[in-house]
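Enquirer: Fold the following for me, if possible:
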Amino acid sequence: MELYRKWGWTEDDFLLAFRKNPQIMELAEKNFSSKMDFLVNKMGWHPADVAGSSVALNYSLEKYIIPRCLVIRVLLSKGLRKFSDSFNTSGHAVHDGLRAVKNTVEDVAVALVISLESDKFKENIKKVTSMGVPPSSATFMRALYMFARVNESERVQKMELYRKWGWTEDDFLLAFRKNPQIMELAEKNFSSKMDFLVTKVGWLPADVAGSPIVIVFSLRNWIIPRCSVIRILMSKGLIVKGEFSMATLLGTGKDYFLDRFVVKYQEQVPELPSIFKVQMGLSEPGLGFEQKEVGVKQL
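Expert: Predicted coordinates for the structure are as follows:
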């Protein structure tokens, strides 16, 4: 109790902290003090705030608390309401704030962002915002993460790859704003999906750019089975071309797709469930994925 008093906890603060997290009693004095020193003296939070979110004290100071607190500080300085609503500068909802960052930004992203030198960090923020991704965007942190992971020479190589598959610069910017993760895809991964969607299915490169979430899915286990189902439904006149967007066909959840395109037409096409489940090859007979000549636009 003397230790808790030293760090500003009243008896009521201790009882609140203990009810929420009895494990605080197991923390060694040095462990407890180092975390309170950071949260109270360096972050400026009130001891009572920490008591109210005492589970935060269970986490590693170096690996969890400090990186996330620094990310939160950066986010708040950029006016990101998403975080400031649940984690304000006076330290209310300490654990909620830490958890919000954990659920929104990959652990490795936190480490990378924090490890960047301040000038480099600011430079990347400018680059991301210049590409049309404002700090208030839900994809802003992921875009920043991509710039931390992919260096300039790699970005140049990736732009050449996108040009090869018919994306204009506007196409790329649209795709990046919607799904920055496209820059993580290896050349072979990206090319195999574009080859199937553009060359074999016949979609325009710009269509894929408009729904870039589809190219992060597995080609064999997700994209091909769905396209197989859709092609058969179209061949039988049960749905028509252009009736559904690419996002609906490939970006919706499995249950929705099953209900909307498999179960609904199972009586007319009994083989649909097996087609959807089987991992099918690109040239499976009868699917209609013929080779198509597609005009490719250059940047």
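
Enquirer: C-alpha only now, for contacts and for neighbours.
Expert: OK.

Enquirer: thought residue 124 was touching residue 147?
Expert: Yes. Residue 124 is within contact range of residue 147, at 6.5 Å (criterion: CA atoms under 8 Å).

Enquirer: pLDDT at the spatially most central residue of the chain, what is it?
Expert: Against the mean C-alpha coordinate of the chain, by CA atoms, centre = their mean, the closest residue is residue 142 at 6.0 Å. Reported pLDDT at residue 142 in the predicted model: 78.

Enquirer: and if you look at residue 251?
Expert: For residue 251, the pLDDT comes out at 81.

Enquirer: same question, residue 287
Expert: Per-residue confidence at residue 287 stands at 40 (pLDDT).

Enquirer: circling back to that earlier point, helix or strand: which one has the residue nearest to the centre of the chain?
Expert: Assessed by DSSP states H and E, residue 142 sits inside helix 140-149.

Enquirer: just the CA coordinates of that helix, formatted as CSV?
Expert: Extracted in CSV, the C-alpha atoms of helix 140-149 (Å, rounded to 0.1, in the frame of the first residue of the first chain):
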residue,chain,number,x,y,z
PHE,A,140,-4.3,6.2,-43.3
MET,A,141,-2.3,4.2,-40.9
ARG,A,142,-2.2,1.2,-43.2
ALA,A,143,-0.9,3.5,-46.0
LEU,A,144,1.7,4.9,-43.7
TYR,A,145,2.6,1.4,-42.8
MET,A,146,3.2,0.5,-46.4
PHE,A,147,5.5,3.5,-46.9
ALA,A,148,7.5,2.3,-43.8
ARG,A,149,7.8,-1.2,-45.3
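
Enquirer: could you say what helices and strands it packs with?
Expert: Applying 3 or more CA pairs under 8 Å, 6 or more residues apart in numbering; DSSP states H and E, one finds that helix 140-149 contacts helix 107-115, helix 118-130.

Enquirer: Now do residue 66 against residue 37, distance only.
Expert: Using CA to CA, to the nearest Å, we find residue 66 at a distance of 12 Å from residue 37.

Enquirer: Same check on residue 44?
Expert: According to CA to CA, residue 44 stands 9 Å off from residue 37.

Enquirer: picking up where we left off before, more crowded one of residue 66 and residue 37?
Expert: More crowded of residue 66 and residue 37, by other CA atoms under 10 Å: residue 66, with 18 against 13.

Enquirer: how deep is the closest residue to residue 3 other than its chain neighbours tucked in, by neighbour count?
Expert: The shortest distance from residue 3 to any non-neighbouring residue, by CA to CA, 6 or more residues apart in numbering, is to residue 29 (7.3 Å). Per other CA under 10 Å, the neighbour tally for residue 29 reads 11.

Enquirer: Residue 158 contacts residue 182, correct?
Expert: No. Counting by CA under 8 Å, residue 158 stays clear of residue 182, with 9.8 Å between them.

Enquirer: Identify the contacts common to those two.
Expert: Shared contacts of residue 158 and residue 182 (CA atoms under 8 Å, 6 or more residues apart in numbering): none.

Enquirer: Poorly predicted segments of the stretch 51-200 of the chain, please.
Expert: Applying pLDDT under 70 to the stretch 51-200 of the chain flags the ranges 67-68, 70-119, 121, 136.

Enquirer: So which residues of it form helices?
Expert: Secondary structure of the stretch 51-200 of the chain (DSSP state H, counting those that start in this stretch): helices at 66-77, 81-84, 94-104, 107-115, 118-130, 140-149, 152-164, 169-178, 187-194.

Enquirer: returning to what we had before: which residue packs closest to the residue nearest to the centre of the chain, ignoring adjacent ones?
Expert: Spatially, and ignoring its direct neighbours in sequence, residue 142 is nearest to residue 180 (6.3 Å; CA to CA, 6+ apart).

Enquirer: Give me the distance between that neighbour and residue 31.
Expert: 38 Å.

Enquirer: Between those two, which has more neighbouring residues?
Expert: Legend: neighbour count by other CA under 10 Å for residue 180 and residue 31, higher for residue 180 (24 against 14).

Enquirer: OK, contacts around the more buried one?
Expert: Counted by CA under 8 Å, 6+ apart, residue 180 has contacts 139, 142, 143, 146.

Enquirer: what's the answer for residue 9, then?
Expert: Residue 9 touches 47, 48, 51, counting by CA under 8 Å, 6+ apart.

Enquirer: Could I get those residues in a markdown table, plus columns for distance to residue 176 and neighbour count?
Expert: Below are the contacts of residue 9 laid out as a markdown table (distance: CA to CA, whole Å; neighbours: other CA atoms under 10 Å):
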| residue | distance to residue 176 | neighbour count |
| --- | --- | --- |
| 47 | 42 | 20 |
| 48 | 43 | 21 |
| 51 | 42 | 26 |
